[in-house]
Structures are given as structure tokens and as C-alpha cells.
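**Q** predicted model and sequence below, questions to follow.
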Amino acid sequence: MANAYSLRILRTELHYARDLLPHPLQYKAHPATQLAPLRGVLESIGICGNWTAYYSPRAHGALVMINGHGRATLRDDQLWPVDILDVTDQEADILLLSMDPLTALAQIQEEQARQAYAQTKSTDAAVDAFLQEQAARYTVKVPEALPLLPYIHDGLHRIEITCDARIYAAIAATLDTWGTWEGCEVHVT
């Protein structure tokens, strides 16, 4: 079966960061909050991913990185694996401007994310702190006091709860239980 997509990786080479120029359209800053856990992953696990780069006509044939800019700031004396692409300047621009944003469009399956982060720990403090920070994004925190609006209508005590979908998901089982109690009806809209 033939490949449906063109294979544009010419080869993989080892380079020092100083051998590559940053892409002229590179727009992302790499703060310490990103670089510390990245350094921790590299120190505790090692290099497990390649940079991408190409020889740019716009840069007079220099090797220009498409990704790897953050890692390039970490160590001058490190050889990094670099996938050398057969792309034009325009194609490299498109790759630079689309790869991370396309990755960011992935839809997170929150329950799986909660489970994955709950069972994953690192011995590196910066990596573990980063993982815990990410885990907090998928942990539903039900407020200690929900915004309850009690009132009496037709002789019955009524409580109205207004909340977003995440909090509703966290309290749905409780509401289902209340609905089984005699004299209690739960209506969800």
C-alpha cells in the first residue's frame, strides 16, 4: 500500500543548539514555569523526541529550527537529535504556526485525564509539581457552600441550585440519591 502522505523527513542528524538558527517567525516565549519541568523530564528520563529543522533559502542555506526553541535554551553542550525536513520557507512557516495550535485542539477526556494524573508521579520535584498542577485542572472542586436559593411554593420547601456542568457532574450522584427519598423530588434542567 502506498503512503497517502508525503514523507518530508530527509534524515536525522545530531546538532548542538548553536548550530541552528531560531525560526524568524517564532512567537512563543518559554518561561521558567515551562523550562523547569522540561529540564526535569530531560534529566530524569532523557531525550525522547526530535527537533525539526530545515535548510532555509531565506537564511542563506542555514539550518533553521521549526520546533525545539525552548529546549535550545537549556544546554549549549548537548547534542540534540534533529529531523531535517525537505520543506520550503513557506512550508516551514506553516509548520511553525500550526503544529502546536493543532495539538492544543485535542479534546481532553477529563475522567481519563484525572485517572492518568492521579497514578503518575515523578521523582523530579519540578516535574511532579507540574504534573500536580496539570491534575488540578481536571479535578472538580465542589464549593463548600453551593449557591442554594431556598423558598416555599405550594407548601413545599424548594431549593434551587445553579451551577456549571462540571459541578453538576460532581453532585449528580447526590441529587440522584435525594430523588429516591420519599417526599423529595429532584428536577434537573
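**A** Yep, that arrived. Predicted, not measured: the structure shown is a model, and the values here were computed from it. Residues are numbered from 1 along each chain as shown.
**Q** now do the same contact list for the residue nearest in space to the middle of the chain.
**A** With distances taken as CA atoms, centre = their mean, residue 104 lies nearest the centre of the chain, 6.5 Å away. The contact partners of residue 104, by CB atoms under 8 Å, 6 or more residues apart in numbering, come to none. Any C-beta I mention is one placed from the backbone N, CA and C, and that applies to glycine too.
**Q** and the gap between the nearest residue to residue 108 once chain neighbours are set aside and residue 38?
**A** Closest residue to residue 108 apart from its sequence neighbours, by CB to CB, 6 or more residues apart in numbering: residue 138 at 7.2 Å. For residue 138, the distance to residue 38 (CB to CB, to the nearest Å) stands at 21 Å.
**Q** got it, and residue 28?
**A** 13 Å.
**Q** mutual contacts of those two, please.
**A** Contacts common to residue 28 and residue 38, judged by CB under 8 Å, 6+ apart, are residue 70.
**Q** when these two are compared, which one has more neighbours?
**A** Each of residue 28 and residue 38 has its neighbours counted (other CB atoms under 10 Å); residue 38 has more, 18 against 11.
**Q** quick one, what contacts the more buried one?
**A** 70-71, 74.
**Q** right, and the helix or strand after the helix or strand containing it?
**A** Counting by DSSP states H and E, the element that carries residue 38 is helix 32-44. Using DSSP H and E, the next helix or strand after helix 32-44 towards the C-terminus is strand 51-56.
**Q** let me see the ranges of the strands in the chain.
**A** Counting by DSSP state E, the segments of the chain that form strands are 9-16, 51-56, 62-67, 79-85, 148-153, 156-161.
**Q** out of the contacts of residue 38, give me the one that has the most neighbours.
**A** Going by other CB under 10 Å, residue 71 tops the contacts of residue 38 with 20 neighbours.
**Q** per-residue confidence at it?
**A** Residue 71 carries a pLDDT value of 94.
**Q** right, and it touches residue 50 too?
**A** No - Residue 71 is beyond contact range of residue 50, at 10.3 Å (criterion: CB atoms under 8 Å).
**Q** still on that earlier bit, now the helix holding residue 38: how far from the chain's centre is it?
**A** Distance of helix 32-44 from its chain centroid, counting by CA atoms, centre = their mean, to the nearest Å, is 15 Å.
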